[in-house]
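> My questions concern the predicted model and sequence given below.
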Amino acid sequence: MKGVFVNFLAIIAGAFLGLLMKQGIPSRYKKTIMQALGLAVFLIGIKMALVSENIIIVILSLALGALVGEFINIDSILNRFGAKVTEKFGRQYGDVGKGLITASLVFCIGAMAIVGSIQAGLTGDASIIYAKALIDGIAAVIFAATMGIGVAFSAFPVLLYQGAITIGAGFFGDVVSTAMIHELSGVGGILIVAISLSMLEIVNIKTANLLPAIPLAVFFVWLGWL
């Protein structure tokens with residue numbers, strides 16, 4: 001779990017550094033920085049999506065995942081939670097809920113979070129998580145400088161998510177194959193592209209409602225559809 005805690009602390013440290021920077025950045029600069037970050041997130045998503053080796057699994061996972069997500073209405077649940085968090089802390093800290101949800105999705109969706117946590121749980125080697133911690137810490141600086149303190153709170157979902165995978169690695173680590181990681185990355189990359197499009201204000205996609213696509217991709221590969 002040491003790597004997971006390092007990742008947790010890196011996000012918090014990066015977020016508070018970003019908050020210090022936020023005070024001296026004029027609003028027009030913040031908008032341009034957010035657009036630049038959105039483009040960077042878009043590139044990350046595209047690179048991840050191209051790892052997929054079976055586009056049919058990606059399409060099926062996204063389509064069925066959207067149905068499940070819309071039925072549960074995950075996006076609405078998260079938005080209501082985000083609104084309550086923002087209301088509790090006040091607008092002087094920015095849109096706390098938006099920062100929390102956006103950063104949590106970016107930091108949790110991706111192969112590094114899953115593969116790194118499994119590797120740490122099975123072998124004790126947290127090198128992938130350490131590399132992710134560095135990336136997340138840098139991203140947290142920029143996110144917090146534009147979206148506020150909510151980014152710091154995203155460290156807690158990351159801690160729970162990666163911690164659960166690390167602890168559970170002993171139970172399902174042997175089941176995870178390279179094919180699963182590829183298709184998980186493909187679907188996760190598409191979701192990150194969706195996040196970037198929302199950040200760029202091109203289209204408001206209910207990305208959270210697509211989250212069930214990730215376990216579905218793993219399930220389809222497990223069935224032997226690759």
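Received the coordinates, thanks.
> Retrieve the pLDDT associated with residue 16.
Note for residue 16: predicted pLDDT of 88.
> same question, residue 45
Reported pLDDT for residue 45: 82.
> Neighbours of it, how many?
Residue 45 is flanked by 23 other residues according to other CB atoms under 10 Å. Yep, even glycine has a C-beta here, placed from its N, CA and C like the rest.
> With residue 67 instead?
Going by other CB under 10 Å, the residues that sit close to residue 67 add up to 13.
> Distance-wise, check it relative to residue 87.
Noted for residue 67: a distance of 31 Å to residue 87, by CB to CB, to the nearest Å.
> Which stretches in this protein count as strands?
Counting by DSSP state E, the chain has no strands at all.
> could you pull out the helices for it?
Remark: helices assigned in the chain by DSSP state H are 2-22, 27-49, 55-72, 74-89, 96-108, 111-123, 127-147, 150-153, 155-172, 178-199, 213-222.
> how about low-confidence regions in the protein?
23-25, 27, 89-95, 110-111, 170-176, 225-226 (pLDDT under 70).
> same thing but at 90, please
1-4, 11, 14-58, 69-70, 72-226 (pLDDT under 90).
> Around the closest residue to residue 88 other than its chain neighbours, count how many other residues there are.
Spatial nearest neighbour of residue 88, chain neighbours left out: residue 96 (7.9 Å); criterion: CB to CB, 6 or more residues apart in numbering. Neighbour count for residue 96, taken as other CB under 10 Å: 26.
> Okay, residue 96 and residue 150: tell me how far apart.
4 Å.
> again with residue 136
From residue 136 to residue 150 the distance is 15 Å (CB to CB).
> what do you get for residue 123?
For residue 123, the distance to residue 150 - CB to CB - is 34 Å.
> of these two, who's got more company?
residue 150 (26 against 11).
> Wait, the more buried one touches residue 88, no?
No. Counting by CB atoms under 8 Å, residue 150 stays clear of residue 88, with 11.2 Å between them.
> so what sits against both of those two?
Shared contacts of residue 150 and residue 88, defined by CB atoms under 8 Å, 6 or more residues apart in numbering, comprise residue 96.
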